[in-house]
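Enquirer: Please find the sequence and the predicted model below.
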Amino acid sequence: MLTVEHVTKTFSGTTVLRDVNLTFEQGVYGLLAPNGAGKSTLMKMLATLLFPTDGSIRWNGEDIIAMDDRYRGLLGYLPQEFGYYPNYTPRQFLRYIAALQGVRRARADKRIEKLLGLVGLADAADKKMKTFSGGMIQRVGIAQALIAEPQLLILDEPTAGLDPKERVRFRNIIHDLAADRIVILSTHIVSDLETIAGKIIMLKNAQVLRCDTPATICGELEGHVWEVPGGMPLGDGRKLLSEVQYGTETRQRIYSPAPLAAADAITPVVPNLEDAFLMIYGE
């Protein structure tokens, strides 16, 4: 169990996070908030790259700062931009990361073979990474975070640069990993979180606004999200959420505080996490 207890973080007098309290247990947690809301700061504190100004973070009751290397040995971390050596191959780079984490060579080589297959890089294992696309580099980053079989996996924007096929592969990987560890991830691709996260943590005004299941968060908009003809006047507190194209016809997805009159061209739709995000952060 990982607990965040009354954590506040300030930079040069500016409070980025205030009195944050969270409990993480086995499963997938998605961090969801606009840029600048404190997601990366929280993840860096969980990874001991930053330290709380006030409060504490504990692993099974023990302060992670006091645990030092014992905590880092439990941790796998992928930052938004991770450093790598362009002239290394994925195999060489993963061996280097394994050595830094104290993984024995024989065990590391077996683990590397498995991970390269898991992230779809088996055929590129011995090609120099300077020839890779951004999506391939990101897959190497995911593999390096998993090299020591961590009990806690922290992934900051792990789907950045991945194409739709790679994102499906990533979601399947995370689903399997979450069976016996804590996974904490952030991404701007809201549909990824809705698919794989058991709980969504939303930050606003430097504090935790919500920590609930996607179904609970989306359910609060039930009966308020509608699809209407494109160009339909809004008014009456209604908000445009998105537009959908059906052939040559444009449809609007809107929020309405009151039910709309039923009609063939006006239909209620099931709210999704993107709808909730836009309503909470739209202003």
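Expert: That came through fine.

Enquirer: Leaving out chain neighbours, which residue sits closest to the residue most central in space within the chain?
Expert: By CA atoms, centre = their mean, the mean C-alpha position of the chain lies nearest to S186, the distance being 2.2 Å. Distances taken as CB to CB, 6 or more residues apart in numbering place L31 nearest to S186, at 3.9 Å, with adjacent residues excluded. In short, each C-beta sits where N, CA and C put it, glycine included.

Enquirer: Then A179?
Expert: According to CB to CB, 6+ apart, the nearest residue to A179 is Q26 (7.9 Å).

Enquirer: Does that neighbour touch A178 like I think?
Expert: Yes - contact criterion CB atoms under 8 Å: Q26 and A178 qualify, at 7.2 Å.

Enquirer: Who has more neighbours out of the two?
Expert: Neighbours around Q26 and A178, counted as other CB atoms under 10 Å, are more numerous at A178. The numbers are 18 against 13.

Enquirer: partner residues bridging the nearest residue to the more buried one once chain neighbours are set aside?
Expert: In space, and not counting its chain neighbours, A178 is closest to V28: 4.6 Å by CB to CB, 6+ apart. The partner list for V28 in beta bridges (DSSP bridges) reads V183.

Enquirer: surely V28 meets A179?
Expert: No - V28 lies out of contact with A179 (CB under 8 Å); the separation is 10.2 Å.

Enquirer: that older thread, quick one: contacts for the residue nearest to A178?
Expert: With contact set as CB atoms under 8 Å, 6 or more residues apart in numbering, V28 has these partners: I174, H175, A178, V183, I184, L185, I196, A197, G198, K199.

Enquirer: Check the gap between the residue nearest to A179 and L152 for me.
Expert: Using CB to CB, to the nearest Å, Q26 is found at 10 Å from L152.

Enquirer: what residues are shared contacts of the two?
Expert: With CB under 8 Å, 6+ apart as the test, Q26 and L152 both reach R181, I182.

Enquirer: what comes up buried for stretch 213-231?
Expert: P214, I217, C218, L221, H224, V225, W226, E227, V228 (16 or more other CB atoms under 10 Å).

Enquirer: got the end-to-end distance for that stretch?
Expert: Between the opening and closing residues of stretch 213-231 there is a gap of 34 Å (CA to CA, to the nearest Å).

Enquirer: give me the number of residues near N60?
Expert: N60 has 9 nearby residues by other CB under 10 Å.

Enquirer: List the contacts of it.
Expert: M1.

Enquirer: Also L116?
Expert: Per CB under 8 Å, 6+ apart, neighbours of L116: P90, R91, L94, A122, A125, A143.

Enquirer: Among those residues, name the buried ones.
Expert: Buried by 16+ other CB under 10 Å: P90, R91, L94, A125, A143, out of the contacts of L116.

Enquirer: My reading is that the third one is in a helix; is that accurate?
Expert: Yes - when classified by DSSP: H, G, I helix; E, B strand; the rest coil, L94 is found to be part of a helix.

Enquirer: Please name the nearest non-neighbouring residue to it.
Expert: I112 (4.6 Å).

Enquirer: Shouldn't C211 be within a helix?
Expert: No - according to three-state DSSP, the state of C211 is strand, so it is not within a helix.

Enquirer: In this structure it contacts L22, no?
Expert: Yes - under the criterion of CB under 8 Å, C211 makes contact with L22 at 6.5 Å.

Enquirer: residues shared between the contacts of the two?
Expert: Counting by CB under 8 Å, 6+ apart, the residues touching both C211 and L22 are I201.
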